[in-house]
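Chemist: Whatever this is, show me its structure:
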Amino acid sequence: MPDISYGDRAMKVQVAGIQVLSRTMMRRKQKDSVQEGVDLGRVLKEIVSWAERFVPSESGSVLLDDPVLKRQEDGGGRLFFAACFGKKAKSLVGTSIAVDEGIAGQTYCSGEPYISEDVSEDSAFQPEVDRRTKYKSISIIAAVAAHAI
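Modeler: Residues are numbered from 1 along each chain as shown. Below you'll find the model as predicted:
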């Protein structure tokens, strides 16, 4: 049975494990505002579902930064695939990319939305995730929900 459905459409959303999710929630400024008992997995599923309704797509994901690594590494850090849907969602969820890698990293670092209608013609696109998942991205829309704190 699908995780999320609306109208006659349904989607299966994969959510990263508790270790990845709890680590991304270790934010100095916000840790007290995250309420106990909030089902972060459910929240991420709703975000992915809302985004897919807004921009219908074959696949999609939510990436979260790792604030612990961000503080430990000199300007480095990782973006984790916290929630994904689509054919390769299971192989992608829980994995990560460098914060400065590809379109997602560029979007994260700049805080500016990014649209690439043809990633094969886009120098910002890094095909590493496609190689890892054996998926062929065609276009990407990326946006930052809340910029780095």
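Chemist: Helix, strand, or coil at D100?
Modeler: coil (DSSP: H, G, I helix; E, B strand; the rest coil).
Chemist: so what's G86 up against?
Modeler: Counting by CB atoms under 8 Å, 6 or more residues apart in numbering, G86 touches 57-60, 135. Bear in mind the C-beta positions are built from the backbone N, C-alpha and C, glycine included.
Chemist: Got a PyMOL select line for the buried ones in these?
Modeler: In PyMOL, a selection of the buried entries from the contacts of G86 looks like this (16 or more other CB atoms under 10 Å):
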select buried, resi 59+60+135
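Chemist: Closest one to W50 out of the contacts of G86, please.
Modeler: G60 (10.5 Å; CB to CB).
Chemist: How about the contacts made by R78?
Modeler: R78 neighbours (CB under 8 Å, 6+ apart): 65-66, 69, 96-99.
Chemist: Now the buried members of these.
Modeler: 65-66, 69, 96-97, 99.
Chemist: The residues you listed in strands, which ones?
Modeler: 65, 96-97 (DSSP state E).
Chemist: What is the helix or strand hosting R42 packed up against?
Modeler: R42 is located in helix 40-54, with elements delineated by DSSP states H and E. Helix 40-54 sits against strand 4-6, strand 9-11, strand 13-15, helix 18-24, strand 60-65, strand 78-85, with contacts defined as 3 or more CB pairs under 8 Å, 6 or more residues apart in numbering; DSSP states H and E.
Chemist: hey, least reliable of the ones you listed by pLDDT?
Modeler: Of all the helices and strands packed on helix 40-54, mean pLDDT reaches its minimum on strand 4-6 (a mean of 47).
Chemist: How many neighbouring residues does I115 have?
Modeler: 12 (other CB atoms under 10 Å).
Chemist: Can you read off the backbone torsions of the residue lying closest to T133 once chain neighbours are set aside?
Modeler: In space, and not counting its chain neighbours, T133 is closest to K88: 4.1 Å by CB to CB, 6 or more residues apart in numbering. Backbone geometry at K88, expressed as degrees, to the nearest 10, gives phi -110, psi 20.
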